[in-house]
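Trainee: please work out how this folds:
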Amino acid sequence: MKYKTLFQVMLKLLGVWTFMSGVEQVLAHASQVVVMLTASFGRAPNQMWYLVPGMFTTAAQLGIGLYLFFGGKWIVDKAIPGNRPYCHECGYDLTNAAGNLCTECGTPFKPAEMSSAP
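Mentor: Coordinates of the predicted model:
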């Protein structure tokens, strides 16, 4: 497994963990609201305002978890840049390739079609 792929898998796992802990926080906030509403017999209690900052941080946590799970492309590209061209067929580094044939496997390529990651 290539390093970039392994890094993406690790980010997905981190995204799942972050999202699930965010879901846990949503449930905790919901249970606090239910307890406050039942304790005040339907009246809106004055203490509910302190839950608002926690709801914003929980929403951010859910968003970050989803971003990490569904790719995190910007983070992956910044952590492990793929700035060298590679052959589509064998993954050989084509940085100083002469002509339009891969020197390793002989696969023809166009310079504009060279991928930046194996």
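Trainee: domain-wise, how is the chain divided?
Mentor: Per automatic domain parsing, the domain ranges recorded for the chain read 3-81, 83-118.
Trainee: turn the ones you listed into CSV, including mean pLDDT and mean neighbour count.
Mentor: (Each C-beta comes from the backbone N, C-alpha and C, glycine too.) Listed next are the domains of the chain as CSV, based on pLDDT from 0 to 100; neighbours: other CB atoms under 10 Å:
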stretch, mean pLDDT, mean neighbour count
domain 3-81, 84, 13
domain 83-118, 70, 13
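Trainee: any idea which residue sits dead centre in this protein?
Mentor: L68 (1.7 Å; CA atoms, centre = their mean).
Trainee: mind checking which helix or strand the spatially closest residue to that residue that is not a sequence neighbour is in?
Mentor: Computed as CB to CB, 6 or more residues apart in numbering, the closest residue to L68 that is not its neighbour in sequence is G15, at 3.0 Å. For G15, the host element (DSSP states H and E) is helix 3-39.
Trainee: give me the next element, helix or strand, following that helix.
Mentor: Assigned by DSSP H and E, the successor of helix 3-39 is helix 52-69.
Trainee: that next one to helix 3-39, inter-axis angle?
Mentor: Counting by axes from the mean of the first three to the mean of the last three CA atoms, to 10 degrees, helix 52-69 points 150 degrees away from the direction of helix 3-39.
Trainee: who are the packing partners of helix 52-69?
Mentor: helix 3-39 (3 or more CB pairs under 8 Å, 6 or more residues apart in numbering; DSSP states H and E).
Trainee: and the helix it packs on, what other elements does it pack with?
Mentor: Right, helix 3-39 is packed against helix 52-69, helix 73-79 by 3+ CB pairs under 8 Å, 6+ apart.
Trainee: so which elements touch the shortest one?
Mentor: With contacts defined as 3+ CB pairs under 8 Å, 6+ apart, the secondary structure elements packing on helix 73-79 are helix 3-39.
Trainee: please redo it, this time with the cut-off set to 10 Å
Mentor: Packing partners of helix 73-79 (3 or more CB pairs under 10 Å, 6 or more residues apart in numbering; DSSP states H and E): helix 3-39, helix 52-69.
Trainee: many thanks, have a good one.
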